[in-house]
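*Asks:* Kindly return the folded structure for what I paste below:
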Amino acid sequence: MGIFSFFSKDKKQSLDKGLEKTKQSFLSKLTRSVVGKSAIDDEVLDELEEILITSDVGVETTLKIIKRIEQRVAKDKYVSTSELNAILKDEIVRLLAENNSTDYTEITIPKIDESPYVIMVVGVNGVGKTTTIGKLANQFKKSGKKVVLGAADTFRAAAVEQLIIWSKRVDVPIVQQGMGADPASVAFDTVQSGKSQGADVVIVDTAGRLHNKINLMNELTKIKKVMSKVIPGAPHEILLVLDGSTGQNAYEQAKQFSLATEINALAVTKLDGTAKGGVVIGISDQMKIPVKYIGVGEGIDDLQVFNKNEFVDSLFN
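*Replies:* Residues are numbered from 1 along each chain as shown. Below you'll find the predicted structure:
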């Protein structure tokens, strides 16, 4: 365990394992950058800048971090390279805190005036959207919540079929009308069904066709509108799922979706298969949208609530 210990031992081990590739790449580069150096100087900072950018933290976020470290070094006059890890760790945690990243330790539902809590999930094909929904449903159910799923990604038959499989696996009800059905109609029926069944959570899948942003925007706006007719204020959460292994391409997707609808939470998946885990830091900073979930493995329990302290601790452990 590191200096933070909010997670259970199993969750911490899963997180450490899921970030292994990013950690090995990042820390090995960081160690090499200070070999033979006693103080943090311009050369060390230049190398650190390159390390952060190549770890997909992003240029803007990297420059922000470097500037903050420069200010600390200038203030203290002399800072040993042995302190670099601790300083960098501290600045990343501070940055995530500024971007409203909440320290979740378990899956929760915010208080709302009228149940169920409605989550609309968006994201392009292939990012792990449907799998994320299934894993979310599993976690909510394990925490004692009643869940209803909605298959409103009716553009692809595979999306509907995959969500049906997940509903059976997790043993939660699903509302679906098959491929080609009106997504807004499915969303409306799902929220209505959730309300009539006394559900705590409704999770609605949607299509993510970025090749036609105008149609996407119109569709998502329509879906949101019909949901709010059943539950005022719904959807309460618009969760964008991003594939962490795509690095800065994930950031570009986030920008495009933020133009189409009001994203207020992020899930970054597939971090276990990439050395680009730094993208979590960059996306959170650049989008000013909190990361709520991260995917650190293929197992049904390997979708974790995001905890900035645990994340950074694992990255440097």
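*Asks:* so is residue 191 in a helix, a strand, or just coil?
*Replies:* Per DSSP: H, G, I helix; E, B strand; the rest coil, the local secondary structure of residue 191 is helix.
*Asks:* Equivalent analysis for residue 115, please.
*Replies:* Following three-state DSSP, residue 115 is assigned to coil.
*Asks:* what about residue 163, how many residues close to it?
*Replies:* Applying the criterion other CB atoms under 10 Å, we find 25 residues in the vicinity of residue 163. C-beta coordinates here come from the backbone N, C-alpha and C atoms, glycine included.
*Asks:* and if you look at residue 41?
*Replies:* Taking other CB under 10 Å as the criterion, the count of residues near residue 41 is 13.
*Asks:* and it, what does it touch?
*Replies:* Taking CB atoms under 8 Å, 6 or more residues apart in numbering as the definition of contact, residue 41 has no neighbours.
*Asks:* And it, its phi and psi?
*Replies:* Summarising the backbone geometry of residue 41 under the convention degrees, to the nearest 10, its torsions are phi -120, psi -170.
*Asks:* next one: the one 3 residues further on
*Replies:* Listed backbone geometry of residue 44 is phi -60, psi -40, with angles given as degrees, to the nearest 10.
*Asks:* residue boundaries of the strands in the stretch 201-317 of the chain?
*Replies:* When secondary structure is read from DSSP state E, counting those that start in this stretch, the stretch 201-317 of the chain shows strands at 201-206, 237-243, 265-269, 291-295, 303-305.
*Asks:* The stretch 1-150 of the chain too?
*Replies:* Using DSSP E, counting those that start in this stretch, the strands assigned to the stretch 1-150 of the chain run over residues 117-122, 147-152.
*Asks:* how far off strand 237-243 does the first one point, in degrees?
*Replies:* Between the direction of strand 117-122 and that of strand 237-243, the angle (axes from the mean of the first three to the mean of the last three CA atoms, to 10 degrees) works out to 30 degrees.
*Asks:* Paired strands for strand 117-122, with orientation please.
*Replies:* Take DSSP bridges as the rule and strand 117-122 pairs in its sheet with strand 201-206 (parallel), strand 237-243 (parallel).
*Asks:* I'd like those strands written out as a markdown table, with mean pLDDT added.
*Replies:* Output for the strands paired with strand 117-122, formatted as a markdown table (pLDDT from 0 to 100):
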| stretch | mean pLDDT |
| --- | --- |
| strand 201-206 | 97 |
| strand 237-243 | 95 |
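*Asks:* Please identify the most buried of those.
*Replies:* The highest mean neighbour count among these, using mean count of other CB atoms under 10 Å, belongs to strand 201-206: a mean of 29.
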